[in-house]
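Novice: structure for this input, please:
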Amino acid sequence: MIESIRARLDELRAAVDEELRACGRQPGSVRILAVTKQQPADAIAAAAAAGVTEIAENYVQEAKTKFAEVGPVLVSKHFIGHLQTNKAKVLTELFDVVQSVDRPDAAKALAKAASAAGKVLPVLIQVNISPTERFGCPPEQAEALAEVVHSYPSLQLDGVMAIGPLGAGQQEIAAAFARAAKTFAALGGNTLSIGMSGDWREAVRAGSTMIRIGTALFGERRY
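Specialist: This is a model prediction of the structure:
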């Protein structure tokens with residue numbers, strides 16, 4: 001498994017760098033976040049051994065079980081699923097970054113949990129740029145939400161996350177990612193987390209600094 005993941009990772013990095021050069025951006029300026037949702041625990045260990053430095057999970061209980069099984073691995077753990085306020089405490093214990101802050105009460109719950117844990121938690125604001133997506137803050141409300149995040153010393157706002165419109169054409173995807181990039185420019189930070197296995201090229205052209213890749217690294221998910 002390690003060698004297959006390493007080969008896919010190397011191939012993906014080369015393709016991303018080629019796309020970056022084509023649009024006048026610096027090669028190596030886009031991070032690859034390996035989405036291990038619905039993959040077995042040994043996929044996390046294999047990904048780390050293959051050179052992956054950041055992984056992501058969508059579900060708290062699944063992540064808790066797998067992280068306990070795989071033990072310590074040298075990767076940064078990101079939460080990219082819908083944020084339930086009653087899971088804030090365990091989220092701050094399990095994850096290094098939360099990418100899906102989409103409303104003030106979610107920020108408040110995370111801030112309280114991070115403060116109690118004595119840590120400063122990096123977060124991204126999730127903006128909704130797709131008619132097929134249920135969650136996320138409307139882009140026009142993102143600056144107000146950013147002010148809420150900034151008001152909590154235990155949270156560090158590091159940018160924006162968004163999910164592109166599923167099943168859309170290239171033009172619609174590009175327009176959606178442009179809205180996310182505009183929001184990111186207004187809010188600031190280091191991370192514009194847009195683009196997945198099927199639309200990462202459009203995301204890179206829009207200015208993505210992080211693409212979230214599952215299938216292209218691990219193959220089809222094991223439901």
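
Novice: alpha carbons of stretch 126-140, as CSV, please.
Specialist: Taking Å, rounded to 0.1, in the frame of the first residue of the first chain, the C-alpha atoms of stretch 126-140 are listed here in CSV:
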residue,chain,number,x,y,z
GLN,A,126,-16.2,27.3,5.3
VAL,A,127,-18.0,29.3,2.7
ASN,A,128,-20.9,27.9,0.6
ILE,A,129,-20.2,28.4,-3.1
SER,A,130,-22.4,25.6,-4.4
PRO,A,131,-26.1,25.1,-4.8
THR,A,132,-25.6,21.4,-4.0
GLU,A,133,-23.9,22.0,-0.6
ARG,A,134,-25.9,22.2,2.6
PHE,A,135,-23.3,23.7,4.8
GLY,A,136,-21.1,26.8,4.8
CYS,A,137,-21.3,30.5,5.5
PRO,A,138,-22.7,32.6,2.6
PRO,A,139,-19.7,34.5,1.2
GLU,A,140,-21.3,37.9,1.9
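
Novice: what sits up against that stretch?
Specialist: With contacts defined as CB atoms under 8 Å, 6 or more residues apart in numbering, stretch 126-140 is touched by 82, 99-103, 125, 142, 145, 160-168, 176-177, 179-180, 182-183. Placement of C-beta: from N, CA and C, glycine included.

Novice: and residue 133, that's in a strand?
Specialist: No. Looking at residue 133 with DSSP: H, G, I helix; E, B strand; the rest coil, it is coil, so not inside a strand.

Novice: tell me what the helix or strand containing residue 148 is packed against?
Specialist: Secondary structure assigned from DSSP states H and E places residue 148 in helix 142-150. Counting contacts by 3 or more CB pairs under 8 Å, 6 or more residues apart in numbering; DSSP states H and E, helix 142-150 is packed against helix 104-117, strand 121-127, strand 155-162, helix 170-187.

Novice: tell me the buried residues in that helix?
Specialist: 142, 145, 146, 148, 149 (16 or more other CB atoms under 10 Å).

Novice: how far off helix 104-117 does that helix point, in degrees?
Specialist: Helix 142-150 runs at 20 degrees relative to helix 104-117, counting by axes from the mean of the first three to the mean of the last three CA atoms, to 10 degrees.
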